[in-house]
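1. Structure for this input, please:
(one chain, ligands or ions: 2)
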Amino acid sequence: MPKFQLNRRRFLTTATLSASTLALSGCDAFDFLADRDNGVRNVLEGANDLTYRVQRLLAGRESLAQEFTEADIRQPQRPNGITAPDDSVYKSLQSGDFADWRLEVTGLVEKPLSLTRQQLMNMPSRTQITRHDCVEGWSCIAKWTGVPMALVLDAAAVKPNARYVVFHCLDTIERSLSGEVKYYGSIDLVDARHPQTILAYGMNGMPLPVENGAPLRVRVERQLGYKMPKYIHKIELVDGFGAMGLGKGGYWEDRGYDWYGGI
Ligand SMILES: Nc1nc2c(c(=O)[nH]1)N[C@H]1C(S)=C(S)[C@@H](COP(=O)(O)O)O[C@H]1N2
Ligand SMILES: [Mo]
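-> Ligands and ions are numbered 1, 2, ... in the order given. Here you go, the predicted structure:
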């Protein structure tokens, strides 16, 4: 395997306009939000659509999520959801250290791509120390390294009618009599082209561990954890979610979570 190297020639940006300026460090809990009957949470959820539009309006396309320092990293990123995919395709890719893994970029693009991890690592990278907020009520600060998604989208030449980016994952999140469901999720092109939206292959200076989504996971820093799919193998540009899953644009969205998980 080629030696894994993280490029440190990166710009640390200062925190700007962000709703998430709570001075949480490490994996602190904000337990009150985990309570599903909590009034604050209900208001937050009811206001989702409004939040989405207001954030767009006030914060603009380029506003950044807060970034932290090395000293703010207190412990490993807490793994959540699927942490060890048992799918045979994933396990065989993993046993070959992902040499045979590819990221497909398909759908509404002029130039479909099929990229190795090494090719992604050869592209310009960005490193950022950010706070991950899970809807279950915990937060974690970690350092993420990856290729800005805008660069991958540009390489694929997104068609003008594309509206969303869908992430297809290798892990099965649900098994029932009616079949198996693989994790998937989506964001719009504004978030996809946001400067802090990266396809991450490194975490805390090391290759991304399996628990946290190896070989590739997305970071969308102004949204909640469930909006950041792990174990990605395909990025699809679409103009709607109609035919996909239950039609809401993501595994958790299909089960009632907001499509815009802004923080
Ligand atoms: N493929 C996949 N992506 C996923 C999940 C998952 O179960 N499978 N869980 C989501 C949730 S709810 C969270 S909080 C984060 C957890 O990321 P971490 O394990 O790196 O902390 O991944 C998100 N992305
Ligand atoms: Mo989460």
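2. what residues are up against the residue nearest the centre of the chain?
-> By C-alpha atoms, centre = their mean, the mean C-alpha position of the chain lies nearest to Met228, the distance being 2.3 Å. The neighbours of Met228, taking C-beta atoms under 8 Å, 6 or more residues apart in numbering as the test, are His132, Gly185, Arg217, Val218, Arg219, Val220. The C-beta positions use only the backbone N, C-alpha and C, and glycine is treated the same way.
3. And Pro76, how far from Thr116?
-> Remark: distance between Pro76 and Thr116 (C-beta to C-beta, to the nearest Å) = 27 Å.
4. Kindly report the same for Val158.
-> In terms of C-beta to C-beta, Val158 sits 21 Å off from Thr116.
5. for the longest strand along the chain, packing partners?
-> Of all the segments of type strand in the chain, defined by DSSP state E, the longest one is strand 164-176. For strand 164-176, the elements it packs on are helix 88-95, strand 179-188, helix 189-192, strand 232-238, judged by 3 or more C-beta pairs under 8 Å, 6 or more residues apart in numbering; DSSP states H and E.
6. Just the CA atoms of it, as CSV, please.
-> Below are the C-alpha coordinates for strand 164-176, written out as CSV (Å, rounded to 0.1, in the frame of the first residue of the first chain):
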residue,chain,number,x,y,z
TYR,A,164,-28.7,17.2,-5.3
VAL,A,165,-25.8,15.0,-4.5
VAL,A,166,-26.7,11.5,-3.3
PHE,A,167,-24.2,9.4,-1.3
HIS,A,168,-24.5,5.6,-1.7
CYS,A,169,-22.9,3.5,1.0
LEU,A,170,-21.6,0.0,1.3
ASP,A,171,-23.1,-0.8,4.7
THR,A,172,-26.4,-2.4,5.3
ILE,A,173,-28.2,-0.5,8.1
GLU,A,174,-31.4,-2.5,8.1
ARG,A,175,-32.3,-6.1,7.5
SER,A,176,-35.9,-7.3,7.5
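7. Buried ones in that strand, by neighbour count?
-> For strand 164-176, a neighbour-count test (16 or more other C-beta atoms under 10 Å) marks Tyr164, Val165, Val166, Phe167, His168, Cys169, Leu170, Asp171, Thr172 as buried.
8. same question, stretch 120-139
-> 120-121, 125-135, 137-139.
9. hey, where'd the strands end up in the stretch 51-200 of the chain?
-> 103-107, 113-115, 126-134, 138-148, 164-176, 179-188, 198-203 (DSSP state E, counting those that start in this stretch).
10. what stretches of the stretch 51-200 of the chain score poorly on pLDDT?
-> Low-confidence segments of the stretch 51-200 of the chain (pLDDT under 70): 51-61.
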